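Visitor: Below are the sequence and a predicted model for it; my questions follow.
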Amino acid sequence: MTVGVALVTFRLHEVHSLKEKRSIVKSLVEKSRNRFNVSVAEVADQDVHQKASIGIAVIGNDGRVINSVLDRIIDFMEALGLAELVSREIELIAMADVG
């Protein structure tokens, strides 16, 4: 079993309130969840108006497939055009088989 996690950081231009930020982050999170059926959440920088840090988690048997899924999710988020992608970090964690 392999767990894949990603941390994606976006810059939000022309955002001057947390209400505006929440609207953009909510759209990024919900559209990604609905499209890929994965766990997605804002994980840091909740009080910073122009920065959003979003975490993504995927679990499966093949690390290459998980890495590809995370890449596709991040590319999808960027293609939405709601915010500027600043950084992406992906980590795969191989778990020992139990049994």
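Guide: Structure's in. What do you need?
Visitor: CA only for contacts and neighbour counts going forward, please
Guide: Noted.
Visitor: State whether L7 and L92 are indeed in contact, as I suppose.
Guide: No. Using C-alpha atoms under 8 Å, L7 is not in contact with L92, being 11.9 Å away.
Visitor: out of those two, which sits in the more crowded spot?
Guide: The neighbour comparison of L7 against L92 (other C-alpha atoms under 10 Å) goes to L7, with 21 against 17.
Visitor: what's the host helix or strand of the more buried one packed up against?
Guide: Taking DSSP states H and E as the definition, L7 sits inside strand 2-11. Under the contact criterion of 3 or more C-alpha pairs under 8 Å, 6 or more residues apart in numbering; DSSP states H and E, the helices and strands touching strand 2-11 comprise strand 51-60, helix 63-79, strand 84-94.
Visitor: Sheet partners, orientation included, of that strand?
Guide: Sheet pairing for strand 2-11, assigned by DSSP bridges, gives strand 51-60 (antiparallel), strand 84-94 (antiparallel).
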